[in-house]
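Peer 1: take a look and give me a structure for this.
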Amino acid sequence: MRFRWLLVTSFLGALLGGNHALAKKKPKPTPTASANLGAVQELMGPYKWGMTLDQVLGTLEKQISSRYTEELAKLSDVYRRQQIQKDIKSEVAVVRRSATSFEGAKTGWDVSIIEGEFAHGTDESMAVYHEQDPAAKKDQRRFFFFSEGKLWKMFIAFDMTPFKDKTFVDFRDIMEARYGRGTPVMKPGPDGKPKLASVEWRAGGSTLRAVDLLKFYGNFCLVLSDDSVEKVVLDKRAVKAPKPPPRAAVTEGPTNAQLNDPNANIVDEITKDAAKPGTTDTPKPAPAEPKK
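Peer 2: Below you'll find the model as predicted:
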């Protein structure tokens, strides 16, 4: 009897031990792919993680000024020089006015293309700059996100004109040609089946994500974040931030897409001085209609 009991206990021990070993051998999550560091640094631009809003604005002012370096060097017209310098200051001032702190009160950004990028009551804030460079064919919005006043994330919403009729798979191919093969992130779609939601890379202490917001806002976006801060921010949100309500689709596709940007008139604000009499950019009046 005792011998039989020993056999049973030995068998159970082996079985449990085997299950325990199997439990330890669960598949590890796929490591995030490495990105082309040079390409990521180019996307990062002159900005550095940990910058304050004032430091970001100072860097931005230098960046904008660099576009006028050659013109200013050749200018002898004092008035035109002053006008250019005024325009640079005005462009930076628009970004400063866009600064928003998420302290609990509803903002115009709570239902927008960046609605999933911040939380209230966790010392987070944001400012946005409309990057335009006709020479480089650049027309995009760069959102600067701050945690405790320090830059930790940038969200870039592209002009969708070059991506007309493109799918997220097409966008992924374009981004992978630049940054290298990424790691796909799958999420359940409306039918419950896994759907490609984003693609991720890591490089130099940062995480880069290509995000599909085509259905909701008609946009493809890139998100670049500081690895050392992201976990801290997410942990803080888990404790302090209320859970957001389920998001409903705002658009059905890029044709009717709305960025839903409270600062959508940013270009008008930047260029409003250009229409004043006496400036070199004063628009010409439309020709009068011929008399009948």
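Peer 1: sec struct for the residue positioned nearest the centre of the chain, please.
Peer 2: With distances taken as Cα atoms, centre = their mean, F155 lies nearest the centre of the chain, 1.2 Å away. The three-state label given to F155 by DSSP: H, G, I helix; E, B strand; the rest coil is strand.
Peer 1: what pairs with it across the strands?
Peer 2: For F155, the beta-bridge assignment (DSSP bridges) gives partners F143, V223.
Peer 1: wait, it touches N219, no?
Peer 2: No: F155 lies out of contact with N219 (Cβ atoms under 8 Å); the separation is 10.5 Å. To be clear about C-beta, it is placed using only N, CA and C from the backbone, and glycine gets the same treatment.
Peer 1: surely P190 is in a helix?
Peer 2: No: read with three-state DSSP, P190 is coil and lies in no helix.
Peer 1: next up, phi/psi of it, please.
Peer 2: phi -60, psi -30 (degrees, to the nearest 10).
Peer 1: likewise for the one 3 residues further on?
Peer 2: Dihedral angles of K193 (phi, psi; degrees, to the nearest 10) stand at phi -90, psi 150.
Peer 1: can you check the one 3 residues further on too?
Peer 2: Main-chain dihedrals, L196, degrees, to the nearest 10: phi -70, psi 120.
Peer 1: show me the contacts for it.
Peer 2: Neighbour list for L196: F168, V169, R172, P184, V185, M186, D212 [criterion: Cβ atoms under 8 Å, 6 or more residues apart in numbering].
Peer 1: nearest to R97, of those residues?
Peer 2: Distance to R97, by Cβ to Cβ, is smallest for D212 among the contacts of L196, at 30.6 Å.
Peer 1: regarding the closest one, what is its secondary structure?
Peer 2: strand.
Peer 1: cool, A93 as well?
Peer 2: Applying three-state DSSP: A93 is helix.
Peer 1: quick revisit: output the contacts of L196 in JSON lines; the columns should cover pLDDT and secondary structure.
Peer 2: As requested, the contacts of L196 are exported to JSON lines (pLDDT from 0 to 100; DSSP: H, G, I helix; E, B strand; the rest coil):
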{"residue": "F168", "pLDDT": "94", "secondary structure": "helix"}
{"residue": "V169", "pLDDT": "94", "secondary structure": "helix"}
{"residue": "R172", "pLDDT": "95", "secondary structure": "helix"}
{"residue": "P184", "pLDDT": "95", "secondary structure": "strand"}
{"residue": "V185", "pLDDT": "94", "secondary structure": "strand"}
{"residue": "M186", "pLDDT": "92", "secondary structure": "strand"}
{"residue": "D212", "pLDDT": "94", "secondary structure": "strand"}
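Peer 1: just the buried ones from the residues you listed?
Peer 2: Burial by neighbour count, 16 or more other Cβ atoms under 10 Å: within the contacts of L196 this picks out F168, R172, V185, D212.
Peer 1: can you add distance to S90 and give the residues you listed back as a markdown table?
Peer 2: Converted to a markdown table, these look like this (distance: Cβ to Cβ, whole Å):
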| residue | distance to S90 |
| --- | --- |
| F168 | 36 |
| R172 | 38 |
| V185 | 40 |
| D212 | 35 |
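Peer 1: which among these gets closest to L37?
Peer 2: Within those, distances to L37 taken as Cβ to Cβ reach their minimum at R172, with 19.7 Å.
Peer 1: which ones are touching the closest one?
Peer 2: Contact analysis of R172 by Cβ under 8 Å, 6+ apart lists G182, L196, V199, A210.
Peer 1: state the distance from it to I113.
Peer 2: Distance, R172 to I113, by Cβ to Cβ, to the nearest Å: 19 Å.
Peer 1: flag the shaky bits of the stretch 1-150 of the chain, pLDDT-wise.
Peer 2: 1-29, 136 (pLDDT under 70).
Peer 1: ok, now with 50
Peer 2: 3, 5-8, 11-12, 15-16, 21-23 (pLDDT under 50).
Peer 1: quick one: the helices in it?
Peer 2: Applying DSSP state H, counting those that start in this stretch to the stretch 1-150 of the chain gives helices spanning 2-24, 37-44, 53-66, 69-74, 78-98.
Peer 1: can you give me the angle the last one makes with helix 53-66?
Peer 2: For helix 78-98 against helix 53-66, the angle by axes from the mean of the first three to the mean of the last three Cα atoms, to 10 degrees is 150 degrees.
Peer 1: thanks a lot, see you next time.
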